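> only geometry, no sequence info:
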């Protein structure tokens with residue numbers, strides 16, 4: 001049987017190891033809540049597509065490594081915004097359309113066509129709409 005001193009030491013060790021995880025778990029850039037659905041999109045997959053598509057070369061995007069671009073607007077708190085690209089209501093469907101075909105919606109704007117599929121655009125939209 002363990003002695004009281006050993007039990008106290010074990011309890012303290014567990015607390016010391018668990019405390020940083022509990023305290024720091026909510027720190028850092030806000031990451032979206034994962035959503036999984038073919039019609040809504042997968043936020044985790046969206047983060048991958050954001051990285052692969054180079055979105056961070058123009059935008060600052062929380063939770064995406066090296067996404068510190070200064071060309072486009074920062075996408076911090078994206079879900080709280082009411083307008084996309086200056087004139088589209090911020091709905092998931094409008095965001096998917098904008099991500100997929102920005103030049104069709106506003107010819108000559110600075111955002112390039114990235115050649116994304118509908119599902120890839122939905123995944124990116126799920127990620128961005130999770131940024132509170």
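Perfect, thanks for sending it. Because the structure is predicted, anything quoted here is derived from the model rather than measured.

> helices and strands of the chain: which one has the lowest mean pLDDT?
Least confident helix or strand, the chain: helix 4-24 with a mean of 51, by mean pLDDT, DSSP states H and E.

> The next helix or strand after that helix - contacts with which helices or strands?
Per DSSP states H and E, the first helix or strand lying C-terminal to helix 4-24 is helix 43-53. Using 3 or more C-beta pairs under 8 Å, 6 or more residues apart in numbering; DSSP states H and E as the contact test, the elements touching helix 43-53 are helix 118-129. (Each C-beta comes from the backbone N, C-alpha and C, glycine too.)

> And the helix it packs on, what's buried?
By 16 or more other C-beta atoms under 10 Å, the buried positions in helix 118-129 come out as 120-129.

> try stretch 72-84
By neighbour count on 16+ other C-beta under 10 Å, the buried set for stretch 72-84 is 72, 75, 78, 81, 84.

> quick one, what contacts the second one?
Taking C-beta atoms under 8 Å, 6 or more residues apart in numbering as the criterion, residue 75 is in contact with 59-62, 128, 131.

> related to what we said a few turns ago, hmm, which two among the buried residues of stretch 72-84 are most spread apart?
Using C-beta to C-beta, the buried residues of stretch 72-84 reach their maximum pairwise distance at 72 and 81, which is 13.1 Å.

> low-scoring stretches of the protein, by residue?
For the chain, the stretches flagged by pLDDT under 70 are 1-39.

> Quickly note the distance from residue 114 to residue 44.
The gap separating residue 114 from residue 44 is 19 Å, by C-beta to C-beta, to the nearest Å.

> again but with residue 99, I slipped
Counting by C-beta to C-beta - residue 99 and residue 44 are separated by 17 Å.

> if you count what's nearby, which of the two comes out ahead?
Neighbours per residue, other C-beta atoms under 10 Å: of residue 99 and residue 44, the larger number sits with residue 99, 25 against 16.
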